[in-house]
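Participant: Fold the following and give me the result.
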Amino acid sequence: MVVDRRQVTAGGRHPADRAAALGRRTGRAVRALRGGTAARLALLAVPVAFFAVFFAYPVAAITGRGLRSGGSWQFGRITEVLGRDDIAGVLWFTTWQALASTALTLLIALPGAYVTARYAFPGKKLLRAVVTVPFVLPTVVVGTAFLALLGRGGLLDETWGIRLDTTVWAILIAHVFFNYAVVVRTVGGLWAQLDPRQEEAARVLGAGRFTAWRTVTLPALAPSVASAALMVFLFTFTSFGIVQILGGPGFATLEVEVYRQTAHLLDLRTAAVLTLVQFAAVGAVLAVHARTVRKRETALRLVDPRHTAQRPRGARQWALLGAVLTTVALLVLLPLGVLVERSLATPRGYNLDYYRALGRLDASGGAFLVPPLHAVGNSLRYALAATAIAVVIGGLAAAALARRGGPGGAGRLLRGFDALLMLPLGVSAVTVGFGFLITLDEPPLDLRAEWILVPLAQALVGVPFVVRTMLPVLRAVDGRLREAAAVLGASPLRVWREVDLPLVRRALLIAAGFAFAVSLGEFGATVFIARPDEPTLPVAVARLLGRPGELNYGQAMALSTILMVVCAVALLSLERIRSRTTTTASTGEF
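Facilitator: Reported below is the predicted structural model:
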């Protein structure tokens with residue numbers, strides 16, 4: 001028998017043998033990618049441990065103290081508390097104002113998300129940073145700013161004789177101000193990466209502008225819109241400072257009532273029951289989110305956002321851009337301008353006296369052990385540490401949850417943890433802060449004297465933002481790209497580095513920006529655990545606002561202005577980094 005030498009020299013195998021080997025290799029690679037439930041569970045090990053130790057344990061401990069008496073559980077207290085008329089009124093107001101705030105925020109902010117995603121215009125990066133600044137402000141500062149606009153002697157009162165304080169409208173407007181950035185950055189981040197040619201193709205086939213958007217773009221944006229709506233609802237559901245200042249004694253959310261029952265009345269029983277109610281309400285919302293939204297998540301064609309943004313053309317587009325800029329000016333810049341004006345208005349006229357007083361210890365009237373200006377460095381240090389923790393924990397969780405489904409109990413476990421990740425946004429920060437104090441005070445978790453305790457509490461709020469920002473983009477990545485890389489011999493780690501990371505780098509940076517922003521502005525838990533000699537900016541502002549005197553109030557406004565500037569600089573830097581990263585990813589080899 002004569003043997004063809006070409007068959008021997010070509011790798012020592014017949015072409016049919018090489019094809020069969022390639023087929024087996026392809027099958028193994030695809031099965032490894034599709035069936036990596038064990039790997040996904042391994043990725044969740046660190047996030048699960050983090051939430052168990054720093055969230056579940058403290059909250060369970062403080063709740064248990066309120067529901068236990070004489071060593072036994074007193075579950076009858078739940079029906080007793082919920083049967084009170086005053087508590088029923090609090091539950092009703094908390095729910096409907098959160099729904100109204102979420103709907104109003106989506107209505108006002110979605111045009112802003114479209115403009116920042118699809119339009120290219122001078123100052124676009126500045127606009128993104130400006131709309132995010134309100135989100136990091138302590139709620140007590142936001143309430144004070146709107147009180148100066150809407151309350152007695154405010155802008156509306158002096159101009160038109162209209163007062164909106166102690167009304168629900170002031171609360172709703174302040175909530176839109178506070179959460180505008182959540183919709184603009186979360187929805188706009190994905191919108192900017194959607195290929196506009198798909199919508200254009202629908203219009204070529206005869207669909208109208210609105211029909212093409214409703215049938216092509218809206219379904220692709222649905223998971224991102226739902227994630228943004230979920231975050232806005234949870235934040236407004238647990239609203240504290242805004243309701244307390246603007247609503248007056250006539251309005252109270254669950255968060256306000258938990259604080260009142262805990263700090264003023266020392267009634268841990270009622271506070272524990274209200275905490276359980278928050279758990280139940282948040283769990284119900286997350287269940288609805290899981291059933292209605294995830295079914296609509298599909299792989300999307302993501303493109304370089306530089307190619308989707310164009311200069312406005314025609315009167316309609318310029319009018320939309322003008323309307324969005326006007327909204328931002330009235331809704332965001334005007335309240336922020338009030339803070340700046342109050343920080344400069346002294347009895348001797350407009351000057352920097354309040355800023356100079358921040359560097360003196362005696363000017364605080366005994367409210368601090370260090371000059372208030374030290375809070376700037378503390379906040380930056382804590383926020384950077386909290387951001388690193390949140391990105392690592394949230395990134396691992398998002399990577400594990402990116403591929404839907406899974407066999408049996410493992411799949412249900414993954415879906416359950418996906419919902420649990422949002423609980424820190426729906427649980428009273430007062431409860432978390434008190435829980436830290438009573439649980440993390442003994443070895444091996446004796447952390448009450450350690451500086452890392454503050455970043456850990458701040459990271460609890462940052463992780464949900466990281467997960468909710470990255471997850472829609474990760475799930476939109478076409479799985480065939482991963483399969484192709486695996487067939488070519490790439491390890492799972494290299495598949496993540498070469499396929500997923502370049503596509504989600506933009507979302508990762510947005511997530512980091514959100515984590516940094518919420519860490520800078522976190523107040524509810526930090527106020528209980530920050531050391532007296534190392535206050536954060538929100539804690540320092542609250543202390544100054546809580547003390548009488550014009551000097552203390554002016555210093556609080558000055559610190560708030562500094563917080564705004566620090567946030568704006570950080571977010572502008574993030575925009576520059578994100579732009580360079582996007583350019584590198586789009587021009588380099590993939």
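
Participant: tell me the centre residue of the chain?
Facilitator: Centre of the chain computed as the mean C-alpha position; nearest residue by CA atoms, centre = their mean is Phe465, 3.4 Å away.

Participant: which residue packs closest to Ala345, ignoring adjacent ones?
Facilitator: Spatial nearest neighbour of Ala345, chain neighbours left out: Gly554 (7.7 Å); criterion: CB to CB, 6 or more residues apart in numbering. The way it works is simple: take the backbone N, C-alpha and C, and place the C-beta from them, glycine included.

Participant: ditto for Tyr119
Facilitator: Using CB to CB, 6+ apart and skipping the chain neighbours, the partner closest in space to Tyr119 is Pro312 (5.4 Å).

Participant: quick one, phi/psi of the one you found?
Facilitator: Note on Pro312: backbone dihedrals following degrees, to the nearest 10 are phi -60, psi 140.

Participant: Could I get the contacting residues of it?
Facilitator: Tyr119, Phe121, Trp318, Leu320, Leu321 (CB atoms under 8 Å, 6 or more residues apart in numbering).

Participant: circling back: which residues sit in contact with the residue nearest to Ala345?
Facilitator: Arg342, Ser343, Ala345, Thr346, Asp353, Tyr354, Ala357.

Participant: before we move on, the earlier item: can you put the contacts of Pro312 in CSV and add distance to Val391, neighbour count and pLDDT?
Facilitator: Converted to CSV, the contacts of Pro312 look like this (distance: CB to CB, whole Å; neighbours: other CB atoms under 10 Å; pLDDT from 0 to 100):
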residue, distance to Val391, neighbour count, pLDDT
Tyr119, 29, 19, 86
Phe121, 30, 15, 85
Trp318, 38, 14, 90
Leu320, 34, 18, 90
Leu321, 33, 17, 90
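
Participant: Could you list every helix and strand in contact with the helix or strand hosting Glu158?
Facilitator: Secondary structure assignment for Glu158, by DSSP states H and E: helix 155-160. Using 3 or more CB pairs under 8 Å, 6 or more residues apart in numbering; DSSP states H and E as the contact criterion, the elements in contact with helix 155-160 are helix 139-150.

Participant: hey, C-alpha coordinates of the helix it packs on in PDB?
Facilitator: The C-alpha trace of helix 139-150 is given here as PDB (Å, rounded to 0.1, in the frame of the first residue of the first chain):
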ATOM      1  CA  THR A 139     -29.700  63.800  52.200                       C
ATOM      2  CA  VAL A 140     -29.700  66.400  55.100                       C
ATOM      3  CA  VAL A 141     -27.900  68.800  52.800                       C
ATOM      4  CA  VAL A 142     -30.300  68.100  49.900                       C
ATOM      5  CA  GLY A 143     -33.200  68.700  52.200                       C
ATOM      6  CA  THR A 144     -31.700  72.000  53.500                       C
ATOM      7  CA  ALA A 145     -31.000  73.200  49.900                       C
ATOM      8  CA  PHE A 146     -34.600  72.600  48.800                       C
ATOM      9  CA  LEU A 147     -35.900  74.100  52.000                       C
ATOM     10  CA  ALA A 148     -34.000  77.300  51.000                       C
ATOM     11  CA  LEU A 149     -35.700  77.100  47.600                       C
ATOM     12  CA  LEU A 150     -39.200  76.000  48.500                       C
END
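
Participant: how much space between Phe436 and Glu450?
Facilitator: 11 Å (CB to CB, to the nearest Å).

Participant: Give me the more crowded residue out of those two.
Facilitator: For Phe436 versus Glu450, neighbours defined as other CB atoms under 10 Å are more numerous around Phe436 (29 against 12).

Participant: tell me which element that one falls in.
Facilitator: Per DSSP H and E: helix 429-439 holds Phe436.

Participant: and that helix, what other elements does it pack with?
Facilitator: helix 57-67, helix 254-259, helix 268-293, helix 453-476, helix 526-529.

Participant: Give me the distance between the helix or strand following the longest one and the centre of its chain.
Facilitator: Meaning helix 268-293. Beyond helix 268-293 on the C-terminal side, the first helix or strand identified by DSSP H and E is helix 314-328. Helix 314-328 has its C-alpha centroid displaced from the chain centroid by 27 Å (CA atoms, centre = their mean, to the nearest Å).

Participant: residues touching Phe240, list them.
Facilitator: Neighbours of Phe240 in contact, by CB under 8 Å, 6+ apart: Thr139, Thr253, Glu255, Val256, Tyr259, Ala429, Val430, Gly524.

Participant: Buried among those residues? Make that a PyMOL selection.
Facilitator: Here is the PyMOL selection string for the buried members of the contacts of Phe240, based on 16 or more other CB atoms under 10 Å:
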select buried, resi 139+253+255+256+259+429+430+524
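
Participant: ok, the contacts of Phe240 vs Thr132, which is closest?
Facilitator: When those are compared for distance to Thr132 (CB to CB), Thr139 wins out at 15.7 Å.

Participant: which non-adjacent residue is nearest that closest one?
Facilitator: In space, and not counting its chain neighbours, Thr139 is closest to Gly241: 2.9 Å by CB to CB, 6+ apart.

Participant: Can you tell me how far the one you found is from Thr253?
Facilitator: 11 Å.

Participant: Met231 is in contact with the residue nearest to the centre of the chain, correct?
Facilitator: Yes. In this structure, Phe465 is within contact of Met231 by CB atoms under 8 Å, at 7.0 Å.

Participant: Double-check Pro532 against Leu369; I have them as touching.
Facilitator: Yes. Pro532 lies in contact with Leu369 (CB under 8 Å); the separation is 5.1 Å.

Participant: sorry, back to before: closest to Thr167 among the contacts of Gly554?
Facilitator: Arg342 (22.4 Å).

Participant: and the helix or strand harbouring that closest one with helix 139-150, angle?
Facilitator: Using DSSP H and E, Arg342 maps to helix 334-344. On the basis of axes from the mean of the first three to the mean of the last three CA atoms, to 10 degrees, helix 334-344 is oriented at 100 degrees to helix 139-150.

Participant: The next helix or strand after helix 334-344 pairs with which strands, parallel or anti?
Facilitator: As assigned by DSSP H and E, the chain's next helix or strand after helix 334-344 is strand 345-346. Strand 345-346 has its sheet partners listed here by DSSP bridges as strand 349-350 (antiparallel).
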